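# whatever this is, show me its structure:
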Amino acid sequence: MNRLLAAALCAASLLSTLPAAAAPSERTVAALRFIGEQRIPLRLAYKGTMVGGLSGVDYDAASGNWLMASDDRSAHSPARFYTARMDYDGSAFRSVTLTGVDSFKQADGTTYPGVKEYDVRKSGDVPDIEALRIDPLDGSIWYTSEGDRKRGFDPFVRHARGDGSYLGEAQLPEMFRVSVEQKGTRDNLAFEGLSFAPDGRSMWVSMEAPLYQDGPLPTPTAGGVSRITRMDREGRMLAQYAYQMDPIPGTPGPGKNADNGISEILAVNQHALLVLERSAVQDAAGAYKSYIRLYEMDTAAGGPSDMRGVAALAGASYRPAAKRLVLDLNTLGIQLDNMEAMSFGPKLPNGHDSLVIVADDNFDKSQTMLFLLFEVLPTIP
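Next up, the predicted model:
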């Protein structure tokens, strides 16, 4: 029996014996109230690692810990995730304190190699880990990688124990595989977002940008279309929706860069997701400005088309998923950065949910490991 089949059978057996996650009351997100911010210093040394590139975050209600994945491709330290505690309430965000670090492991038990090591040995995977979630059924970990088009690595969704050791991998729908042709995922623009449905029986995964066959990337004059997919725990697609991303909200300087894409998703309830659109626009002097908007996508509104059987969205006729602006973070009057990670946290003293959004600093001195704390308002005040 091969490893993948064994892992799938083990997961199926586990699922059949575990009760569904406790069903919370139907969560709603009408608006957000900004509470405060915290930062971690650039390239902080912690237990033999360099902290940075925080691209995924999730809260473990059972332990009170936060898990934070780094997208370091084993260049500074092996691919890894940190545990932390956050001290806050409805009036202040007091601290973020690291409490541990573990490496993600490959199926053979070894840590993931870096690009330089792989290019010499040609063995193993070099992940680009962009999202991490705690399994609501058993407390294990799921994480995504964007893959590497140049080296022929497909994006993936993998399953790990709490210490990072390998448990299995969700099967990958063919449309997301890399190809020598102009189809499939674009390099560094693949599985950027991951979230479990509240009942733990299915998960959502989002593309950062359009597949090649789904049309062009966003520009300052036109948006783009990304696929957001609901899968079962083995990776079989249950539904798939087209999400219309905004045009880039600024114009870059001559010969400079600009982009817009989905950097994270977070399930609100069984039919709605928070979708974080993150844009960076480079001015003539080379400096970047971040534009961050948080939307709610609701699959129960407007009758969106199920795109599972549509090979190419470009030229196709379909109804995209409805979206509603929850918050334009640029209206807060605070410094923003490369916001890439998002999770609900513990309840605030008034019973409302908390929400934390985290910036990936790319280990770059011009960027910041920024943590933003919000109160979730279930109704408009």
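
# contacts only, for H271.
298-300 (CB atoms under 8 Å, 6 or more residues apart in numbering). All C-beta atoms are positioned from the backbone trio N, CA, C, and that covers glycine.

# apologies, that question was intended for V126.
73-74, 112-115, 118, 148, 151, 153.

# got JSON lines for those residues, with secondary structure and neighbour count too?
Listed next are the contacts of V126 as JSON lines, based on DSSP: H, G, I helix; E, B strand; the rest coil; neighbours: other CB atoms under 10 Å:
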{"residue": "R73", "secondary structure": "coil", "neighbour count": "22"}
{"residue": "S74", "secondary structure": "coil", "neighbour count": "24"}
{"residue": "Y112", "secondary structure": "coil", "neighbour count": "22"}
{"residue": "P113", "secondary structure": "coil", "neighbour count": "22"}
{"residue": "G114", "secondary structure": "coil", "neighbour count": "18"}
{"residue": "V115", "secondary structure": "helix", "neighbour count": "15"}
{"residue": "Y118", "secondary structure": "helix", "neighbour count": "19"}
{"residue": "D148", "secondary structure": "strand", "neighbour count": "21"}
{"residue": "R151", "secondary structure": "coil", "neighbour count": "14"}
{"residue": "F153", "secondary structure": "strand", "neighbour count": "19"}
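
# just the buried ones out of the contacts of H271, please.
Buried by 16 or more other CB atoms under 10 Å: 298-299, out of those.

# which residues does stretch 172-183 contact?
Applying CB under 8 Å, 6+ apart, the set of residues contacting stretch 172-183 is 147-149, 152-157, 184-185, 190-191, 207, 211-213, 227, 229, 235, 237, 311.

# now with 6 Å?
Contact with stretch 172-183 is made by 147, 149, 154-155, 184-185, 212-213, 237, as judged by CB atoms under 6 Å, 6 or more residues apart in numbering.

# could you identify the most distant pair in those?
For these, the maximum inter-member distance is 21.9 Å, found between R149 and M237 (CB to CB).

# just to revisit the earlier point, now, among the contacts of H271, which is nearest to Q282?
Checking these one by one against Q282 (CB to CB), the nearest turns out to be D298, at 33.3 Å.

# who does that closest one form a beta bridge with?
A272, A322 (DSSP bridges).

# for G215, give its distance to M237.
Distance from G215 to M237, counting by CB to CB, to the nearest Å: 20 Å.

# kindly apply the preceding question to G147 instead.
G147 sits 18 Å away from M237, taking CB to CB as the criterion.

# same check, this time on D360
For D360, the distance to M237 - CB to CB - is 28 Å.

# please say which of the two ends up with more neighbours.
Comparing D360 with M237 by other CB atoms under 10 Å, the one with more neighbours is D360, at 26 against 18.

# spit out the contact partners of that one.
53-55, 338, 340.

# and the next helix or strand past the lowest-mean-pLDDT helix or strand in the chain?
Sorting the helices and strands of the chain by mean pLDDT, DSSP states H and E puts helix 3-17 at the bottom, at a mean of 41. For helix 3-17, the following helix or strand on the C-terminal side (DSSP states H and E) is strand 31-40.

# give the helix, strand or coil label for A311.
A311 falls in the coil class when you classify it by DSSP: H, G, I helix; E, B strand; the rest coil.

# returning to what we had before: could you export the contacts of stretch 172-183 as CSV, including pLDDT, secondary structure and distance to W66?
Shown next, in CSV, are the contacts of stretch 172-183 (pLDDT from 0 to 100; DSSP: H, G, I helix; E, B strand; the rest coil; distance: CB to CB, whole Å):
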residue, pLDDT, secondary structure, distance to W66
G147, 96, coil, 26
R149, 94, coil, 32
D154, 97, coil, 29
P155, 98, coil, 25
G184, 95, coil, 33
T185, 96, coil, 29
Y212, 97, helix, 36
Q213, 97, helix, 37
M237, 98, strand, 30
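
# which non-adjacent residue is nearest I265?
Computed as CB to CB, 6 or more residues apart in numbering, the closest residue to I265 that is not its neighbour in sequence is G193, at 3.7 Å.

# can you check I40 too?
M369 (4.1 Å).

# who's in contact with that neighbour?
39-40, 361.

# could you dump those to CSV with neighbour count, distance to A170 and pLDDT?
Formatted as CSV, the contacts of M369 follow (neighbours: other CB atoms under 10 Å; distance: CB to CB, whole Å; pLDDT from 0 to 100):
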residue, neighbour count, distance to A170, pLDDT
R39, 14, 34, 98
I40, 23, 31, 98
D361, 24, 29, 98
